[in-house]
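> Need coordinates for the below:
(one chain, ligands or ions: 1)
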Amino acid sequence: MEKYWDALRSSWIWEELYKSRNFRPAAQFHSPIQYPKPDGVLSFDIPTSLHRSNTNHEHDQPAHLQLRDPKIPELVNLPEYAGPESRYCPARVYEYMPDEKGQLKLQINAQNCLHCKACDIKDPKQNIQWTAPEGGGGPGYSIM
Ligand code: SF4
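Numbers count the residues shown, from 1 in each chain. Below you'll find the model as predicted:
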């Protein structure tokens, strides 16, 4: 075991790891990035981008985005992680909307899904199950 540590300490990776050893603790002090608003020339807002993707799903098909546990968004994702699905989804499929009592509830606009599968990978509790939609629905790749 000591031979392994000696080899590691004398390698280039040790030098790199040592230089970056404080990066993760320092990350908590970074201020949020202020991105410029879309200029309509090179960058576009989400509704415009979504319209151009020509994404389409049959309205009466079974939902292709399912929650393994429907309580996780309100009990875990929102209080612990500030609802990350409402930010990482490029099509604004996931929105936290107030119910009649003012409590935020997750609303899933599955018809807007662009099939990037980020939600299938990034959900903190792996609670979102992406399945292939019925009838070949999705973005209009033929016009891209
Ligand atoms: S697959 Fe991508 S576009 Fe579709 S809901 Fe998930 S994150 Fe959003």
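> What parts of the chain come near the ligand?
Counting by C-beta under 6 Å from any ligand atom, the residues of the chain lying close to the ligand are 65, 89-91, 93, 113-119, 130. All C-beta spots, glycine's among them, are computed from the backbone N, C-alpha and C.
> what about 5 Å?
Contact residues, the chain versus the ligand (C-beta under 5 Å from any ligand atom): 89, 91, 93, 113, 114, 116, 117, 118, 119.
> thinking the fourth one is in contact with residue 50, fair?
No. Because the distance of 10.0 Å does not satisfy C-beta atoms under 8 Å, residue 113 is recorded as not touching residue 50.
> which neighbours do those two share?
Here residue 113 and residue 50 have residue 91 as joint contacts, going by C-beta atoms under 8 Å, 6 or more residues apart in numbering.
> Compare the two (neighbour count), which wins?
residue 113 (25 against 19; other C-beta atoms under 10 Å).
> And the pLDDT at that one?
pLDDT recorded at residue 113 is 93.
> try the one 4 residues further on
pLDDT for residue 117: 94.
> That one contacts residue 131, doesn't it?
No. Using C-beta under 8 Å, residue 117 is not in contact with residue 131, being 10.6 Å away.
> Quick check, central residue of this structure?
Centroid-nearest residue in the chain: residue 88, 3.0 Å away (criterion: C-alpha atoms, centre = their mean).
> Strands of this structure, start to end?
Secondary structure of the chain (DSSP state E): strands at 65-67, 94-98, 104-108, 128-130.
> Deepest in the core, which of those is it.
Mean neighbours per residue, mean count of other C-beta atoms under 10 Å, is largest over the strands of the chain for strand 128-130, with a mean of 19.
> Within the sheet, what are the partner strands of that strand, with directions?
Strand 128-130 has the following strand partners under DSSP bridges: strand 65-67 (antiparallel).
> For the helix or strand following the strand it pairs with, which outside residues touch it?
Once the chain leaves strand 65-67, the next helix or strand it forms, by DSSP states H and E, is helix 72. Residues from elsewhere that reach helix 72 (C-beta under 8 Å, 6+ apart): 125, 127.
> All good on my end, thank you.
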